[in-house]
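Trainee: Could you work out the structure for the sequence below:
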Amino acid sequence: MTTIDELPPGFADKVLSAQSTFRSVMDAMARPGSVREVTAAVGTPSAMMRGTAAIALTLFDHDTPVWLDQALRERQDIGKWLKFHTGAPIVADASICSFALVGDAHGLGSLEDFSLGSSEYPDRSTTLILQVASLTEGREFRLRGPGIDGAAILRATVEPRDLFDRLAINVALFPRGIDVVLVADDRIVAIPRTTRSVVQGG
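Mentor: Numbers count the residues shown, from 1 in each chain. As a prediction, this is how the structure comes out:
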């Protein structure tokens, strides 16, 4: 059993690290499909990538319920680390979470299991933080939408393979919907609900 003293540290510099990570996330959201780097020094529990840990320390607090997929939920140090450093409650019900952390997307269920927001409060939907193998190699995706000049090309190794097909539910749901942040180690890519994609490669 992991004790508090055995947990990895958070940010080495809380203020500057949170500020730089927030800028990286906002820049990624403003420019969907573009790869951004999280430069903050941060301790990470097992099975959690550095980018995921930095985003958690920056955006999570006691008012943001967090859902963990089975791969992360089984690692007790992750839940303890999140509670200790952010105060965020870990919830079992995906439909009420503000953020969902997915370490192994092979078992990712329907996106409709998460909160999709409401017409009055579309911002109360879940942001899915999905750890992937690569954001520089893999299939080619052509992305279009606000923040993209024409089209953006993303090469990524993403599971589940039909992720972008699943995100098509955002078209009918808008302004409700799911926002996604892809994380590969210290690199991140944002796929807001307004972004549309077509798979170019096989």
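Trainee: quick one, longest strand in the protein?
Mentor: In the chain, taking DSSP state E as the definition, the longest strand is strand 134-144.
Trainee: Can you name the helix or strand that residue 197 falls in?
Mentor: Secondary structure assignment for residue 197, by DSSP states H and E: strand 196-199.
Trainee: related to what we said a few turns ago, follow the chain on from the longest strand of the chain and name the next helix or strand.
Mentor: Per DSSP H and E, the first helix or strand lying C-terminal to strand 134-144 is strand 152-157.
Trainee: what's the average pLDDT for that following strand?
Mentor: Averaging pLDDT along strand 152-157 gives 94.
Trainee: related to what we said a few turns ago, in its sheet, what does the longest strand of the chain sit against?
Mentor: With DSSP bridges as the test, strand 134-144 is paired with strand 152-157 (antiparallel), strand 196-199 (antiparallel).
Trainee: Run through who's touching the last one.
Mentor: Going back to what we said before, that points to strand 196-199. Residues outside strand 196-199 that contact it (Cβ atoms under 8 Å, 6 or more residues apart in numbering) are 139, 140, 141, 142, 143, 144, 145, 164, 167, 168, 171, 191. C-betas here are computed from N, CA, C, even on glycine.
Trainee: Mind pulling the model confidence for residue 198?
Mentor: Predicted confidence (pLDDT) for residue 198: 70.
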